[in-house]
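**Student:** Fold the following for me, if possible:
(one chain, ligands or ions: 1)
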Amino acid sequence: MGRSLSVQVLVVGGGINGAGVARDLALRGVSCALVERRELGSGTSWASSGMIHGGLRYLQRDPEVTLHSCVDSGAIQRIAPHLVFRIPFLMPVFPEDPIGPELVEIGLEMYDRYQPFKNGRPHARLTREQALRLEPALSPRLDCAFTLDEWGVDAARLSAANALDAAERGAALATHSEVVELLREAGSGRVVGARVRDLLSGELLRIDADLTLNATGPWAPRLAALAGAAVRLRPAKGVHLVFERRVSNLAVYARGIDGRDMFTFPHEQNSMAGTTDDDFYGDLDRIDVTEDEVAYVMQAMERSIPSIRRHRVIHTTQGVRPTLYGFGQQEDELSRDYAVIDHARDGAPGFFTIAGGKLAAYRLMAEDACDRLCAALGVREPCRTASTPLPGGDAPLDVRALARRFRIPLAAGVRLGFRHGTRAVRVLAPCDPQPPAGAPPAPRAVCACEPVLDAELAHVARAEGLRTLGDCAFRVRLGVGACQGAGCAAQAAGLLADVLDWPPERSAAELAAFAADRWRAAAPVLGGRHLAAFEIHRHVFLGARGFTL
Ligand SMILES: Cc1cc2nc3c(=O)[nH]c(=O)nc-3n(C[C@H](O)[C@H](O)[C@H](O)COP(=O)(O)OP(=O)(O)OC[C@H]3O[C@@H](n4cnc5c(N)ncnc54)[C@H](O)[C@@H]3O)c2cc1C
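**Tutor:** Take a look at the predicted model:
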């Protein structure tokens with residue numbers, strides 16, 4: 001007999017939507033459990049562009065979606081100011097573009113009306129010379145350019161922040177735990193919880209719940225099928241290329257050969273470029289990136305930034321959008337709206353699905369879903385997520401003072417402040433600046449690329465329930481920079497082994513799995529000198545430790 005647990009609501013899926021719902025419920029005093037099959041935010045949320053924008057391209061067909069996203073972007077900025085960053089865009093207009101500057105400007109004037117909701121500035125039209133001065137990487141062939149103000153966020157960390165806050169407020173949180181069966185009441189067919197398998201220990205957990213919410217993103221049809229219910233999506237694959245460092249000062253629009261808008265944008269220490277948008281019929285648990293996709297994105301970027309191929313692409317991200325079903329439209333034209341479905345319609349009362357939508361509107365979507373769940377439970381507490389700060393988002397952090405006090409490099413302090421806000425002090429607290437005898441020494445950088453400190457790794461393992469080395473890529477961005485884990489994974493595995501009491505064979509298995517993950521992420525973009533450099537790195541750092549590569 002496995003363990004068991006009883007809650008009012010079971011939320012399945014620890015992406016941004018499930019985590020957002022769990023936090024909302026916890027703030028309303030509703031007991032809930034959040035169950036995630038892998039690491040928090042590691043599915044579609046991690047693969048997103050991380051933009052909390054209204055989406056200029058949705059304005060024409062879906063103004064409501066643009067409005068909701070902009071309003072919610074404003075709320076996310078309020079509750080998690082540490083996790084967001086401004087992304088100024090340049091949109092170059094070339095002589096051969098089918099839409100000339102006048103028409104582009106009409107669209108931007110419309111978008112300007114939404115900017116105040118997300119603290120964005122109105123657009124400006126720049127001459128060719130002004131644009132090139134601002135962004136020397138731009139192609140000199142341009143006629144003119146427009147500015148456009150957007151915001152970005154670390155989507156995986158935002159997911160984790162929501163889930164961790166829910167847990168601090170009483171929610172049960174289980175990662176690496178998969179719902180393998182939905183429990184049904186005999187006769188009524190009511191869904192009354194689920195059986196969950198811990199994928200690391202193999203242990204089974206029974207969760208009894210008054211209501212169960214399916215927040216599994218593109219996996220939603222699969223989970224719904226366990227209750228004999230239907231969720232109709234039109235899943236669409238999206239791929240980004242991630243560059244070793246920033247390839248431009250500003251984000252830059254690019255046009256694909258098929259006329260699709262794409263962009264390259266600064267994201268954390270890197271630049272990202274993308275994204276593709278293609279109907280996906282494959283295995284959601286094995287989303288491969290093809291050479292064609294890489295070539296397609298590169299070709300688009302090269303038109304706006306001719307020097308782009310001189311920059312090293314270090315890995316790709318890929319995911320599948322849980323887009324609501326639509327027929328007869330191109331993928332790009334499909335609505336980004338969302339749905340909250342009560343599966344009483346399918347003979348499965350007590351079971352709901354939230355699907356579709358955008359990262360930028362996750363909080364509003366969660367509010368809507370929780371209103372529905374609370375109405376079914378008879379709970380009358382209002383939503384408080386628009387005004388209650390996420391952990392660390394309660395006040396500004398003086399990063400310079402933090403770096404001085406704990407004797408850490410300013411760059412490390414900045415990244416720590418970005419991920420943890422005011423909680424950065426708590427992360428470093430065990431490293432007291434005036435340590436008594438025997439106290440731990442000053443924090444050291446484990447990964448120089450990002451950078452990630454040993455104190456942060458110890459903190460996420462001890463206080464945030466991190467379970468595997470692979471989780472570190474999503475939770476603190478370990479190994480996703482230039483070294484792709486070659487320079488940091490072994491050290492990090494050693495540190496986690498100390499904190500989590502792993503035997504040597506577990507550390508070795510974690511390290512091998514991490515190296516394999518990074519290889520899968522990097523392989524589609526490796527070739528020639530880059531492949532040689534990658535292999536030398538891996539063999540120096542991992543091969544020398546006896547790993548078969
Ligand atoms: C390429 C790309 C770019 C995008 N860019 C943007 C953008 O810039 N801005 C924006 O607003 N939106 C963007 N989006 C959309 C946005 O990423 C999604 O709307 C959002 O992340 C969906 O979150 P989710 O929680 O529904 O799904 P997910 O993040 O996929 O979470 C679902 C989770 O459920 C878990 N799960 C599945 N089955 C089970 C099970 N049986 N038991 C337990 N757990 C399970 C999975 O492991 C997964 O972590 C983009 C999407 C893509 C693909």
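**Student:** mind listing what Asp44 touches?
**Tutor:** For residue 44 the amino acid is Thr, not Asp. Residues near Thr44 by Cβ atoms under 8 Å, 6 or more residues apart in numbering: Gly15, Gly217, Pro218, Gly319, Val320, Arg321, Pro322. (C-beta placed from N, C-alpha, C; glycine too.)
**Student:** Who wins on neighbours among those?
**Tutor:** Comparing the contacts of Thr44 by number of neighbours (other Cβ atoms under 10 Å), Gly15 comes first, having 31 neighbours.
**Student:** Same question for the helix or strand harbouring Ala166: list its buried residues.
**Tutor:** Per DSSP states H and E, Ala166 falls inside helix 155-168. By neighbour count with 16 or more other Cβ atoms under 10 Å, helix 155-168 contains the buried residues 155-167.
**Student:** Also stretch 195-205?
**Tutor:** Using 16+ other Cβ under 10 Å as the test for burial, stretch 195-205 gives Arg195, Val196, Arg197, Asp198, Leu199, Leu204, Leu205.
**Student:** what does stretch 380-389 give?
**Tutor:** For stretch 380-389, burial by neighbour count (16+ other Cβ under 10 Å) applies to Cys383, Thr385, Ala386, Thr388, Pro389.
**Student:** Can you lay out these as a markdown table showing distance to Ala497?
**Tutor:** Listed next are the buried residues of stretch 380-389 as a markdown table, based on distance: Cβ to Cβ, whole Å:
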| residue | distance to Ala497 |
| --- | --- |
| Cys383 | 41 |
| Thr385 | 37 |
| Ala386 | 41 |
| Thr388 | 36 |
| Pro389 | 34 |
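**Student:** hmm, who's touching the helix or strand following the helix holding Ala166?
**Tutor:** Note on helix 155-168: by DSSP H and E, the next helix or strand toward the C-terminus is strand 172-174. Residues outside strand 172-174 that contact it (Cβ under 8 Å, 6+ apart) are 5, 7, 14, 22, 32-36, 163-164, 166-167, 196, 198, 205, 465.
**Student:** three-state assignment of Gln130?
**Tutor:** Classification of Gln130 using DSSP: H, G, I helix; E, B strand; the rest coil returns helix.
**Student:** Give the other helices and strands that the helix ranked longest in the chain contacts.
**Tutor:** Ranked by residue count, the top helix of the chain under DSSP state H comes out as helix 504-522. Applying 3 or more Cβ pairs under 8 Å, 6 or more residues apart in numbering; DSSP states H and E, we find helix 504-522 packed against strand 313-321, helix 471-475, helix 489-500, helix 528-541.
**Student:** on that earlier part again, which one of the buried residues of stretch 380-389 is nearest to the ligand?
**Tutor:** The closest of the buried residues of stretch 380-389 to the ligand turns out to be Thr385 (Cβ to the nearest ligand atom; 15.2 Å).
**Student:** tell me the contacts of Leu373?
**Tutor:** Going by Cβ under 8 Å, 6+ apart, the list of residues near Leu373 reads Val9, Val21, Leu25, Val30, Leu211, Leu213, Phe352.
**Student:** ok, and which of the buried residues of stretch 380-389 reach the ligand?
**Tutor:** Cross-checking the buried residues of stretch 380-389 against the ligand (Cβ under 6 Å from any ligand atom) gives no overlapping residues.
**Student:** could you redo the residues you listed as a markdown table and give each row pLDDT?
**Tutor:** What follows is the buried residues of stretch 380-389, written out as a markdown table (pLDDT from 0 to 100):
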| residue | pLDDT |
| --- | --- |
| Cys383 | 98 |
| Thr385 | 98 |
| Ala386 | 98 |
| Thr388 | 98 |
| Pro389 | 98 |
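**Student:** And the residues you listed, which is closest to Leu126?
**Tutor:** Within these, the smallest distance to Leu126 is 35.1 Å, found for Ala386 (Cβ to Cβ).
**Student:** Pull the contacting residues for the closest one.
**Tutor:** Counting by Cβ under 8 Å, 6+ apart, Ala386 makes contact with Ala75, Arg78, Ile79, Arg363, Glu367.
**Student:** how about a cut-off of 10 Å?
**Tutor:** Residues in contact with Ala386, defined by Cβ atoms under 10 Å, 6 or more residues apart in numbering, are Asp24, Val71, Asp72, Gly74, Ala75, Ile76, Arg78, Ile79, Arg363, Leu364, Glu367.
**Student:** Farthest-apart pair in the residues you listed, please.
**Tutor:** Maximum pairwise distance in these, criterion Cβ to Cβ, is 17.3 Å, between Asp24 and Gly74.
**Student:** for the closest residue to the ligand within the stretch 1-150 of the chain, what are its contacts?
**Tutor:** Here the residue of the stretch 1-150 of the chain nearest the ligand is Gly15; by Cβ to the nearest ligand atom that distance is 2.0 Å. Counting by Cβ under 10 Å, 6+ apart, Gly15 makes contact with 36, 38, 40-46, 48, 155-156, 159, 162-163, 215-219, 319, 322, 359, 362.
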